[in-house]
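> Following is a predicted model, sequence given first.
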Amino acid sequence: MTKTQIWTSAFLGLFILLFFLQQLTKQEDTPKHPMINDDYPEQSMTKELSGLDLINSFGCITCHGNDLQGTPKAPTLYGLSSNYSRDKLINYLRNPNSFMDSDRFKEFKQKYRNVIMPAYNNKDVKDLGRIADYLLSLQ
Ligand code: HEC
């Protein structure tokens, strides 16, 4: 072999080595994200919370009770469908104050003097819609 041939094969060998190294590190750099991993279908569904999950995570139960049947702090959330449409209920959750003039709420004010129903106007309307659907199903 001439000197040129030795250098050429040395470089070629180096490139091949680098190529394989790159392939190896590529695999380590891009592990599958668990949320889009088909091996974990349950995990990838956790983004869609049900109405009840949202009620639990927004803390409604601290006032309305674990079973939502009411506590000394707040009224029951059963039977709302006789007073609320879906839209009206979403509006109420976003701005409970605008409902305070009705007799129903004057009574509530007397009964739950020291507790204020929080406004959830910082929440995604879609989430409030899911909460409303769930609440309206409680009879
Ligand atoms: C800090 C306590 C508290 C929390 C937390 C709370 N509420 Fe209330 N809620 C009240 C009180 C008190 C009333 C009664 C109205 C009033 O006095 O403002 C009420 C009234 C309501 C009403 C009207 C009931 C009716 O019969 O007209 C609905 C619906 C309601 N809450 C849903 C919710 C939902 C859904 C959540 C969570 C996203 C929630 N509340 C969180 C205290 C609370």
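Sure, I can see it.
> can you give me the mean pLDDT across the helix or strand where residue 11 lies?
With elements taken from DSSP states H and E, the one containing residue 11 is helix 3-29. Mean pLDDT, computed over helix 3-29, is 80.
> Show me what that helix is packed against.
Contact partners of helix 3-29 among helices and strands, from 3 or more Cβ pairs under 8 Å, 6 or more residues apart in numbering; DSSP states H and E: none. From N, CA and C alone the C-beta is placed, and that goes for glycine too.
> and this structure, which residues reach the ligand?
Taking Cβ under 6 Å from any ligand atom as the test, the list of the chain residues beside the ligand reads 55, 58-60, 62-64, 73-75, 77, 80, 83, 92-93, 96, 104-105, 108-109, 112, 115-118, 120, 131.
> Could you identify the buried members of these?
By neighbour count, with 16 or more other Cβ atoms under 10 Å, the residues of the chain next to the ligand hold 55, 58, 60, 63-64, 74-75, 77, 80, 92-93, 96, 105, 108, 112, 117, 120, 131 as buried.
> after the worst-scoring helix or strand of the chain on mean pLDDT, next one along is what?
Here the helix or strand of the chain ranked lowest by mean pLDDT, DSSP states H and E is helix 41-44, holding a mean of 50. Per DSSP H and E, the first helix or strand lying C-terminal to helix 41-44 is helix 51-57.
> domain assignment for the chain?
Structural domains assigned to the chain are 3-43, 49-136, following automatic domain parsing.
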